[in-house]
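1. Starting from these lines, generate the structure:
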Amino acid sequence: MIPRYALPEMTAVWSDERKFELWLKVEVAVVQAWGDQGVIPAEDVRLVVDNARVHVPDVMRYIEETHHDVTAFLRSVADSLGPESRWIHYGLTSNDVWDTATCLQMLEALDILEAKTKRLREVIARRAVEHKDTLCIGRTHGVHAEPTTFGMKLAVWVEELRRHEERIDLARKQIAVGQMSGPVGTHASVPPSVEEDACRRLGLEVAKITTQVIQRDRHAFYLNVIAGIGASLEKFATEIRGLQRTDILEAEEPFDEGGQTGSSSMPHKRNPELCERVCGIARTLRGYAITGMENVALWHERDISHSSAERIILPDATGLLDYALHIFTGVMDGLVVYPERMQRNLERTQGLIYSSKVLNALIESGLKREAAYDIVKSNSMRAWREEVPYRGLLEADPRVEERLTSEQLDAIFDPRAFLVHTDETFRRLGLA
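-> Residues are numbered from 1 along each chain as shown. Presented below is the predicted three-dimensional model:
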């Protein structure tokens, strides 16, 4: 998590301080569970609960000696206790603590991401309603197709983010688990009843069967959900980037004319740099998702090949998505929209965008589709080559004149004729 792309709340989740706090929380929950079994005396349980602490600088210093995070951590905790320290980590192996606590961190990170995904959805929904009837050209293959509205473009994003919120819920279910199953998952050193008790205290479900680790398909799914949200953000940002092109300029990132600069050499530049940043972050997130999937295959009951990768990809993936959601929400909240430019662009093709309506009207008049298509296409190609109004060519074509009245052509060449169901679509989305 490089400082440039790190926000304080997410940074705190993945800090050493928080990690060791959660390790201690897991250890204390297990001590309490052993106490419920009558294995650890009640007084020792009380002393652990009341007095167990971890001092991060000491842990870091002990790591230099032990070359092992967990033993260094246990030594620091023991420093805060008396003889009752012998019960800390009783029956456990390192990953019982590490994996369970990491799941708690992942859940805390997911809480932040869920809130910011919802916030972005709300902002985009507001802008969608604002521009529900703002006419613009729809493009396929980058080429003018038919009229739509800017609000319709944004409403598509609203529903996409709702699907991601559902996936976040699935990721939460996958990762809200803990384990205390011992060195190879057989519960030889800690019975399932202790595991169940401790997980209950931590607010986690029990991973029903494990090896020495919680299986990494769970983590891979979590990272793929994060990458999926990033991919949608890239899609949204790419649309804004395209619309901000000088020759289109239908929408634009907010720009502080007072102090912001777009180029070191060209003072006129107003670049979509925030959206471009989102796109780059999304590509990085997909890389982390691939690493997460490669971590699924470990040797036998466990190796350590996943560990070094997870130290990077879990904080970075959640941190980068947190940052991308933050800046893109700002983009959408302050997005500058140019309806007049949208209208000018709508008219740039001299009316060719109404060709489908003309085609349908000719078919309805009794022409075979092939004949109608030929009439529409031949006039379209001429309008395109000669840059003349399409409607004028149709009115001069006797094959059209004999079938379509001027009033019918008026209705055909009305851009709002394409949008009669816009309100219904917004009602479907609960945005009406």
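
2. So what touches stretch 99-119?
-> The contact list for stretch 99-119 (Cβ atoms under 8 Å, 6 or more residues apart in numbering) reads 9-10, 13-14, 18-19, 22-23, 25-26, 161, 164-165, 168, 171-172, 175-180, 199, 202, 204, 213-214, 219, 222, 226, 229, 310, 314, 318, 321-322, 325-326, 329. Where you see a C-beta, it was placed from the backbone N, CA and C, and this is true even at glycine.

3. Just the buried residues of those residues.
-> 10, 13-14, 18-19, 22-23, 25-26, 161, 164, 168, 171-172, 175-180, 199, 202, 204, 213-214, 219, 222, 226, 229, 310, 314, 318, 321-322, 325, 329 (16 or more other Cβ atoms under 10 Å).

4. Provide a list of residues in contact with residue 155.
-> The neighbours of residue 155, taking Cβ under 8 Å, 6+ apart as the test, are 125, 128, 132, 425-426, 429, 431.

5. same thing but 6 Å
-> The neighbours of residue 155, taking Cβ atoms under 6 Å, 6 or more residues apart in numbering as the test, are 128, 429.

6. Next one: the nearest residue to residue 209 once chain neighbours are set aside from residue 302, what distance?
-> Of all residues not flanking residue 209 in the chain, residue 185 sits nearest, at 6.8 Å (Cβ to Cβ, 6 or more residues apart in numbering). As judged by Cβ to Cβ, to the nearest Å, residue 185 and residue 302 stand 9 Å apart.

7. joint contacts of these two?
-> Taking Cβ under 6 Å, 6+ apart as the criterion, residue 185 and residue 302 both touch residue 211.

8. okay, now residue 220: neighbour count?
-> 19 (other Cβ atoms under 10 Å).

9. Check the one 3 residues further on too.
-> Using other Cβ under 10 Å as the criterion, residue 223 is surrounded by 28 other residues.

10. What does the pLDDT read for it?
-> pLDDT recorded at residue 223 is 98.

11. That one and residue 290 touch, don't they?
-> No. In this structure, residue 223 is not within contact of residue 290 by Cβ atoms under 6 Å, at 8.7 Å.

12. any common contacting residues for these two?
-> Taking Cβ under 6 Å, 6+ apart as the contact rule, residue 223 and residue 290 have no neighbour in common.

13. Domain ranges for this protein, per the record?
-> Domain assignment for the chain by automatic domain parsing gives 1-90, 93-343, 352-412.

14. Can you add distance to residue 421 and give those domains back as JSON lines?
-> Below are the domains of the chain laid out as JSON lines (distance: least, Cβ to Cβ, whole Å):
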{"stretch": "domain 1-90", "distance to residue 421": "41"}
{"stretch": "domain 93-343", "distance to residue 421": "10"}
{"stretch": "domain 352-412", "distance to residue 421": "15"}
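
15. out of those, nearest to residue 419?
-> Shortest separation from residue 419 across the domains of the chain is recorded for domain 93-343, at 6.3 Å, computed as Cβ to Cβ.

16. ends of the closest one, how far apart?
-> 67 Å (Cα to Cα, to the nearest Å).

17. Which of the contacts of stretch 99-119 fall in helices?
-> 9-10, 13, 18-19, 22-23, 25-26, 161, 164-165, 168, 171-172, 175, 199, 202, 219, 222, 226, 229, 310, 314, 318, 321-322, 325-326, 329 (DSSP state H).
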